[in-house]
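Novice: following is a predicted model, sequence given first.
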Amino acid sequence: RKRGEKMSKLIIQGGKKLEGEVQISGSKNAALPIIAGTVLIKGKTTLYNVPNIQDVQTMFEIIKDIGGKVTKKNNKIIIDTSKIHTYEISENLMRKMRSSVILAGAIIGKYKKANFSYPGGCEIGSRPIDLHLKGFEKLGINIKEEYGEIICEADRIMGTQIHLDFPSVGATENIILASCLAEGVTVLTNAAKEPEIEDLVKFLNKAGAKIKGAGTDRVEIIGVKKLTEVSYNIMPDRIEAGTYLVAGAITGGNLKVTNLNSNHIEPILNKLEEAGCVLKIEKNTVEIKAPKRIKAVDIKTMPYPGFPTDMQSIFGALLTTAKGTSIITENIFESRYKYVQELNRMGAKINVEGRTAVIKGTKRIQGASVVASDLRGGAALVLEALVAKGVTQVDNVHYILRGYENIVDKLKNLGAKIYLED
Ligand code: EPZ
C-alpha cells in the first residue's frame, strides 16, 4: 500500500437516482491466476483488459520481485518471465494478498520448487490452504513447513487423480497451474466451476496447454512439454457487473451496464428480478430499471453456478431498503458479515447469527461515518451511502480500490455525488 493511502476516504451524498451507462472492466479474479500463469510461459505474454486495481499491482510486484518484467500501457500488459531467478515469494508481498498463493502452483509447475509463507488477507474468516497443499503432494511434490515457511520441491511432477473435498476456486487453479507441464494426465474431480477457471484454462490452452473440462467439476490436464508466447483478453468482472446493477437497483435508478457476460451473472439477475427489478438482458449488456420499492428476497451463497459469496454483502445492502424481511445464508466463508455492524450504524436493521443474517427492510437509512474492513463489505457501504439521507464518510477505502477499477469516476458518471479525499 502506498504511504498515506490508508487515510483516504470517500464522501458520499446520498439520494441521487443513478442513470446512464457504465462499462465493466476486466475480471480481477481471472486476471490474478492468469498473471500467475505467465510464469509457465517462456517469453512474453500480452494481456488485454487487465483491470488497473491494487490487487493486480501487487501481483505485478511479486512477478517483478522474482525477476519478471512487466510493461504497462493502460489495460494492456506485457509480461516477460524468461529471466525469473528465484523460487521464493517474499513474505512481505505474500502477506499483502491471499491470491499470491496461486503463484506457488505456477512456480512449482515450471521450476519444480517454490518457497512461500502462509498468505495474508484474512478479513473474511479463516482461509486455509490445505486443499492446495494436498493437491501438490498428490502430484509428487514434497512439502516441508519450517517456521511458517512452506518449502515445496519435486524431482518430477507426475499426473494423478485428485479429488477435492470442497470445490475451492484457488485450489482448482493452483492444481491446474502445477500440473500443466507435468508428466502424464491429471484428473481433478469436484473441481470448482467458476467462469474465472474457464478463463484461466482458455488462456493456458491458447499458450499450448491441453486442458479439458474447465467449467465442469471434472478437469483433465494432459501434461505438455512447454507453453509458448501468447496474447489474451481477460473476461469481464462478473462481481463488478453485479455491483453496478445493484447500484441501479438500490437508488431507484435506470442503468445500462455494458461489456459484461450475462451468462456469468444469471443467479444475480434472477435475484434482481425476484426483487422486482425490470431487466433487459442481452449477451453483453444488461439494462436495469428499479421498482418503486425493492421486494425482500432470500439468498443462499453457493459455489458457481449458485449465488456468489462475493455478492452477499452487495445484496445485504440492497435488502436493507426492501419491503419486508430477507434472510441471507452465507455458506462459503465463516465470517463475511463485518459490514453489517457498519450498515446498522446507518439505520439498517440486520441481525446476524452464525451464517445467517436476517434483514428487516426500512426506508430510514441515514448517512454516517463508517469503516470498510474488506473489499466487498466496503462496496456494500458505498451502495448504502448512495441511498442514505445526508452524507456518509467511508474510511479505509484502500480495501475497495483493491477490486474496483475507477469506482469513483464510474459512479460520478452515473450521477452519484461521490468524492475521494486523500
Ligand atoms: C476465490 O477465493 C476468490 N478470489 C474470492 O474472491 C471468492 O470469494 C472465493 O473464490 C469464493 O468464490 C480469487 O479468485 C482471487 P476458495 P479463494 O478457495 O480461491 C475453504 C473477492 O471478493 N478452503 O474457493 O480463496 C475456504 O476457507 C474474493 O473478490 C479450505 O478450507 O476461495 C472457504 O471457506 C475474496 N481449504 C472456501 O473453501 C483450502 O485449501 C472457499 O474458498 C481452500 C479453501
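Specialist: The structure has been received and is ready for your questions.

Novice: can you pull out the strands in the stretch 101-250 of the chain?
Specialist: Secondary structure of the stretch 101-250 of the chain, counting by DSSP state E, counting those that start in this stretch: strands at 113-117, 142-146, 149-153, 161-163, 185-189, 210-212, 218-222, 230-233.

Novice: now mean neighbour count, distance to the ligand and mean pLDDT too, for the ones you listed, in JSON lines please.
Specialist: (Each C-beta comes from the backbone N, C-alpha and C, glycine too.) Output for those, formatted as JSON lines (neighbours: other CB atoms under 10 Å; distance: least, CB to the nearest ligand atom, whole Å; pLDDT from 0 to 100):
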{"stretch": "strand 113-117", "mean neighbour count": "21", "distance to the ligand": "14", "mean pLDDT": "92"}
{"stretch": "strand 142-146", "mean neighbour count": "11", "distance to the ligand": "13", "mean pLDDT": "92"}
{"stretch": "strand 149-153", "mean neighbour count": "18", "distance to the ligand": "12", "mean pLDDT": "93"}
{"stretch": "strand 161-163", "mean neighbour count": "15", "distance to the ligand": "12", "mean pLDDT": "98"}
{"stretch": "strand 185-189", "mean neighbour count": "20", "distance to the ligand": "14", "mean pLDDT": "98"}
{"stretch": "strand 210-212", "mean neighbour count": "16", "distance to the ligand": "18", "mean pLDDT": "98"}
{"stretch": "strand 218-222", "mean neighbour count": "20", "distance to the ligand": "15", "mean pLDDT": "98"}
{"stretch": "strand 230-233", "mean neighbour count": "18", "distance to the ligand": "17", "mean pLDDT": "98"}
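
Novice: the ones you listed into JSON lines, with extra columns for distance to Q23?
Specialist: Shown next, in JSON lines, are the strands of the stretch 101-250 of the chain (distance: least, CB to CB, whole Å):
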{"stretch": "strand 113-117", "distance to Q23": "36"}
{"stretch": "strand 142-146", "distance to Q23": "43"}
{"stretch": "strand 149-153", "distance to Q23": "40"}
{"stretch": "strand 161-163", "distance to Q23": "39"}
{"stretch": "strand 185-189", "distance to Q23": "35"}
{"stretch": "strand 210-212", "distance to Q23": "30"}
{"stretch": "strand 218-222", "distance to Q23": "31"}
{"stretch": "strand 230-233", "distance to Q23": "15"}
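
Novice: wait, S313 sits on A380?
Specialist: Yes: with contact defined as CB atoms under 8 Å, S313 counts as touching A380 (3.9 Å).

Novice: so what sits against both of the two?
Specialist: Y339 (CB atoms under 8 Å, 6 or more residues apart in numbering).

Novice: taking the stretch 151-300 of the chain, what residue is nearest to the ligand?
Specialist: At 2.8 Å from the ligand, G170 is the closest residue in the stretch 151-300 of the chain, using CB to the nearest ligand atom.

Novice: tell me the SS of I288?
Specialist: strand (DSSP: H, G, I helix; E, B strand; the rest coil).

Novice: next one: it, what pLDDT does it get?
Specialist: Here the pLDDT value assigned to I288 is 98.

Novice: do the same with R1
Specialist: Taking R1 on its own, its pLDDT is 42.

Novice: now do I400
Specialist: pLDDT, read off for I400, is 96.

Novice: same question, K42
Specialist: Confidence score, pLDDT, at K42: 86.

Novice: that one against G208, yeah?
Specialist: No: here K42 does not reach G208: they are 10.3 Å apart, not a contact under CB under 8 Å.

Novice: what do these two both touch?
Specialist: With CB under 8 Å, 6+ apart, K42 and G208 have common neighbours 226-228.

Novice: so where's this protein shaky on pLDDT?
Specialist: Along the chain, the parts satisfying pLDDT under 70 run over 1-6, 120-127.

Novice: what does it have sitting close to the ligand?
Specialist: On the criterion CB under 6 Å from any ligand atom, the ligand has as its neighbours in the chain the residues 28-29, 32, 98-99, 127-132, 166, 168-171, 192, 196, 309-310, 332-333, 375-376, 403.

Novice: make a ChimeraX selection of the buried ones in the shared contacts of K42 and G208.
Specialist: Buried subset of those, written as a ChimeraX selection, criterion 16 or more other CB atoms under 10 Å:
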select :227
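
Novice: and the residue of the stretch 201-350 of the chain nearest the ligand?
Specialist: D310 (4.4 Å).

Novice: quick check: that residue is in a helix.
Specialist: Yes: with three-state DSSP as the criterion, D310 is part of a helix.

Novice: name the element K300 belongs to?
Specialist: K300 is located in strand 299-300, with elements delineated by DSSP states H and E.

Novice: for that strand, give me every contacting residue.
Specialist: If you take CB under 8 Å, 6+ apart as the criterion, strand 299-300 is touched by 271, 306-307, 312, 315, 319, 326-329, 331.

Novice: can we see that at 10 Å?
Specialist: Outside of strand 299-300, the residues within contact range by CB atoms under 10 Å, 6 or more residues apart in numbering are 267, 271, 274, 306-307, 311-312, 315-316, 318-319, 326-331, 355-357, 359.

Novice: hmm, which of these are the buried ones?
Specialist: Listed as buried from these are 267, 271, 307, 311-312, 315-316, 318-319, 326, 328, 330, 355, 357, 359; burial here means 16+ other CB under 10 Å.
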